[in-house]
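# Could you look at this predicted model? Sequence included:
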Amino acid sequence: MSSLTNGGLVFISQASVLVKMHPQTVRLYENAGLIEPIRTAGGTRLYNDAHLDRLCRIKVLSNSLGISIEGIKAIFALEDKLSQCQSEGERQRRAHLRREKALLDEIAELSKKQPHSPF
(Lines give C-alpha, C1' and ligand atoms only; values in the text may rest on other atoms or scores of the structure.)
Protein backbone atom coordinates (compact mmCIF):
# COMPACT_ATOMS: atom_id res chain seq x y z
CA MET A 1 0.00 0.00 0.00
CA SER A 2 1.37 3.39 -0.79
CA SER A 3 0.53 6.85 0.43
CA LEU A 4 -3.11 6.52 1.38
CA THR A 5 -2.75 9.67 3.46
CA ASN A 6 -0.74 11.63 0.87
CA GLY A 7 2.01 11.90 3.46
CA GLY A 8 -0.27 13.33 6.12
CA LEU A 9 -2.12 12.10 9.18
CA VAL A 10 -5.68 10.84 9.43
CA PHE A 11 -8.12 10.23 12.27
CA ILE A 12 -9.20 6.71 13.24
CA SER A 13 -12.48 7.10 11.33
CA GLN A 14 -10.61 7.90 8.13
CA ALA A 15 -7.98 5.23 8.76
CA SER A 16 -10.63 2.56 9.25
CA VAL A 17 -12.30 3.49 5.96
CA LEU A 18 -8.98 3.47 4.09
CA VAL A 19 -8.02 0.00 5.34
CA LYS A 20 -11.61 -1.31 5.30
CA MET A 21 -11.60 -2.17 9.00
CA HIS A 22 -14.05 -1.25 11.75
CA PRO A 23 -12.67 1.46 14.11
CA GLN A 24 -13.25 -0.87 17.06
CA THR A 25 -11.00 -3.47 15.37
CA VAL A 26 -8.31 -0.82 14.96
CA ARG A 27 -8.63 -0.05 18.69
CA LEU A 28 -8.44 -3.78 19.48
CA TYR A 29 -5.15 -4.05 17.59
CA GLU A 30 -3.89 -0.97 19.41
CA ASN A 31 -4.85 -2.44 22.80
CA ALA A 32 -3.11 -5.68 21.83
CA GLY A 33 0.09 -3.72 21.15
CA LEU A 34 0.17 -4.38 17.40
CA ILE A 35 -0.03 -0.73 16.44
CA GLU A 36 0.77 2.50 18.23
CA PRO A 37 -0.86 5.56 16.68
CA ILE A 38 0.37 9.05 17.22
CA ARG A 39 -1.59 10.83 19.95
CA THR A 40 -2.42 14.51 20.12
CA ALA A 41 -2.19 16.37 23.44
CA GLY A 42 -5.91 15.69 23.81
CA GLY A 43 -5.47 11.95 23.17
CA THR A 44 -6.85 11.83 19.62
CA ARG A 45 -5.41 8.98 17.57
CA LEU A 46 -3.63 9.94 14.35
CA TYR A 47 -2.41 7.50 11.70
CA ASN A 48 0.20 7.89 8.97
CA ASP A 49 0.96 5.68 5.95
CA ALA A 50 3.19 3.36 7.99
CA HIS A 51 0.33 2.76 10.44
CA LEU A 52 -2.07 2.04 7.60
CA ASP A 53 0.40 -0.34 5.95
CA ARG A 54 0.77 -2.17 9.25
CA LEU A 55 -3.00 -2.38 9.68
CA CYS A 56 -3.30 -3.88 6.21
CA ARG A 57 -0.62 -6.44 7.06
CA ILE A 58 -2.43 -7.29 10.30
CA LYS A 59 -5.66 -7.71 8.34
CA VAL A 60 -4.03 -10.13 5.87
CA LEU A 61 -2.28 -12.11 8.58
CA SER A 62 -5.43 -12.32 10.69
CA ASN A 63 -8.27 -12.61 8.20
CA SER A 64 -6.64 -14.27 5.20
CA LEU A 65 -4.10 -16.49 6.95
CA GLY A 66 -5.93 -17.08 10.22
CA ILE A 67 -3.03 -16.04 12.42
CA SER A 68 -3.91 -15.07 15.99
CA ILE A 69 -2.99 -11.76 17.58
CA GLU A 70 -0.25 -13.52 19.56
CA GLY A 71 1.04 -15.06 16.34
CA ILE A 72 1.09 -11.66 14.64
CA LYS A 73 2.98 -10.24 17.63
CA ALA A 74 5.54 -13.03 17.24
CA ILE A 75 5.88 -12.36 13.50
CA PHE A 76 6.42 -8.63 14.09
CA ALA A 77 8.94 -9.35 16.88
CA LEU A 78 10.89 -11.66 14.55
CA GLU A 79 10.81 -9.04 11.80
CA ASP A 80 12.12 -6.43 14.24
CA LYS A 81 14.90 -8.79 15.35
CA LEU A 82 15.81 -9.57 11.73
CA SER A 83 15.96 -5.85 10.97
CA GLN A 84 18.24 -5.28 13.97
CA CYS A 85 20.51 -8.14 12.87
CA GLN A 86 20.64 -6.77 9.34
CA SER A 87 21.54 -3.33 10.67
CA GLU A 88 24.28 -4.82 12.85
CA GLY A 89 25.58 -6.86 9.91
CA GLU A 90 25.69 -3.75 7.76
CA ARG A 91 27.51 -1.85 10.51
CA GLN A 92 30.08 -4.64 10.78
CA ARG A 93 30.47 -4.77 6.99
CA ARG A 94 31.17 -1.01 6.84
CA ALA A 95 33.68 -1.31 9.70
CA HIS A 96 35.43 -4.17 7.89
CA LEU A 97 35.60 -2.13 4.67
CA ARG A 98 37.10 0.83 6.57
CA ARG A 99 39.77 -1.43 8.09
CA GLU A 100 40.49 -2.97 4.71
CA LYS A 101 40.83 0.46 3.07
CA ALA A 102 43.16 1.60 5.87
CA LEU A 103 45.35 -1.46 5.31
CA LEU A 104 45.42 -0.87 1.56
CA ASP A 105 46.33 2.78 2.14
CA GLU A 106 49.11 1.70 4.49
CA ILE A 107 50.43 -0.78 1.92
CA ALA A 108 50.37 1.92 -0.75
CA GLU A 109 52.33 4.29 1.51
CA LEU A 110 54.88 1.61 2.34
CA SER A 111 55.33 0.73 -1.32
CA LYS A 112 56.11 4.40 -2.09
CA LYS A 113 58.86 4.35 0.55
CA GLN A 114 60.42 1.05 -0.50
CA PRO A 115 62.87 0.99 -3.40
CA HIS A 116 61.44 -0.97 -6.29
CA SER A 117 62.99 -4.33 -6.91
CA PRO A 118 63.90 -5.17 -10.49
CA PHE A 119 62.42 -8.63 -9.98
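That came through fine.
# which residue ranges form the helices in this structure?
Per DSSP state H, the chain carries helices over the ranges 12-18, 23-31, 49-59, 69-113.
# Deepest in the core, which of the ones you listed is it.
For the helices of the chain, the largest average neighbour count (mean count of other CB atoms under 10 Å) is found in helix 49-59, namely a mean of 19. Yep, even glycine has a C-beta here, placed from its N, CA and C like the rest.
# quick one: which of the helices of the chain is nearest Ile38?
Closest to Ile38 of these is helix 49-59 (CB to CB; 8.0 Å).
# ok so, going back, to Ala41, which of the helices of the chain lies closest?
helix 12-18 (16.5 Å).
# Okay, now the unreliable bits of the chain?
Along the chain, the parts satisfying pLDDT under 70 run over 1-6, 116-119.
# do you know which of the helices of the chain lies nearest Gly42?
helix 12-18 (13.5 Å).
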